[in-house]
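Novice: predicted model follows, preceded by the sequence.
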Amino acid sequence: MINKYSQFIKALRKERGFSQSFMAEKLNISRPSYIGIERGSRKITLEEAEKLKDFFGISIEEFANATLPQYDKYKQMILAYLKSSISTDGKVPKTKLAKLLYLADFAWYYQNLKSMSGMQYLRRAYGPVPDPYFRALAELEEEGKILVDYKGDAFLISLSGSSSKQKFNLLEIREVELIKKIGAKWKDKKTRDIVDFTHEQLPYKICAPDEVIPYELIIQQDPDYVY
């Protein structure tokens, strides 16, 4: 019987693009046994839960609560940033926008011990970013909510005219306020500046390349260096 834990584990696996065989190997169990976990017909052991927690880079609380990433809310975070006048011309480089989203999620966790979206951020060369980020941008462009301009090697993202009255029903008022505050701090700053900033933060510095960055690491960050 499918339960919230089986759904949670399956969602995390699919978000990262891993096969069931790959996950079975990581847990040192057979593929049918792993499939049983995702279907809810096989109980997960404490040792397996610990391995999954460490592998996906999530906290004990997140695993215990089986909190699924909120993809639609993450897309609204993108639109909220674009609506907050984060640059003079309303356009923001794709890489910079990715870092602003990371700062919002981790700053919210710093203040409330939970992230805004629950997305899993990976330690990439140009900073933390979740795998679904690029899919989210593509979908928002297809939906006519954002515009993507190309300037040299840069991809510039802006809000479309049809999204000027976008409602953020999945975001709390305080979440939107934090997004505006972070956007104002980084307004018109260069992409290199925010990339360097996130690279110097503790969560990024102590994680290995392509590793999921645990949210709880931000708690150890100097309060003046959270965003």
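Specialist: Right, received. Where do you want to start? Bear in mind that the values here come from a model prediction, so they are computed numbers and not experimental data.
Novice: report the distance from the helix or strand hosting Glu15 to the chain centre.
Specialist: Taking DSSP states H and E as the definition, Glu15 sits inside helix 4-16. Between the centre of helix 4-16 and the centre of its chain there are 15 Å (Cα atoms, centre = their mean, to the nearest Å).
Novice: for it, what is the average pLDDT?
Specialist: Per-residue pLDDT over helix 4-16 has a mean of 83.
Novice: do the same with stretch 188-203
Specialist: Computed over stretch 188-203, the average pLDDT equals 94.
Novice: buried set for that stretch?
Specialist: Thr191, Ile194, Val195, Phe197, Thr198, Gln201, Pro203 (16 or more other Cβ atoms under 10 Å). Quick note: C-beta positions are derived from backbone N, CA and C, even for glycine.
Novice: now do the SS call for the residue lying closest to the second one once chain neighbours are set aside.
Specialist: Sequence neighbours aside, Lys99 is the residue nearest to Ile194 in space, at 4.6 Å (criterion: Cβ to Cβ, 6 or more residues apart in numbering). Remark: Lys99 carries the secondary structure label helix [criterion: DSSP: H, G, I helix; E, B strand; the rest coil].
Novice: can you check Ile157 too?
Specialist: Ile157 ends up strand, using three-state DSSP.
Novice: for it, give me its contacts.
Specialist: Ile78, Leu82, Lys91, Val92, Pro93, Lys94, Leu97, Leu137, Ile146, Leu147, Val148 (Cβ atoms under 8 Å, 6 or more residues apart in numbering).
Novice: coming back round to it: want to throw the buried residues of stretch 188-203 into JSON lines with distance to Ile213 and secondary structure?
Specialist: Putting the buried residues of stretch 188-203 into JSON lines (distance: Cβ to Cβ, whole Å; DSSP: H, G, I helix; E, B strand; the rest coil) gives the following:
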{"residue": "Thr191", "distance to Ile213": "19", "secondary structure": "helix"}
{"residue": "Ile194", "distance to Ile213": "16", "secondary structure": "helix"}
{"residue": "Val195", "distance to Ile213": "15", "secondary structure": "helix"}
{"residue": "Phe197", "distance to Ile213": "15", "secondary structure": "helix"}
{"residue": "Thr198", "distance to Ile213": "10", "secondary structure": "helix"}
{"residue": "Gln201", "distance to Ile213": "9", "secondary structure": "coil"}
{"residue": "Pro203", "distance to Ile213": "5", "secondary structure": "helix"}
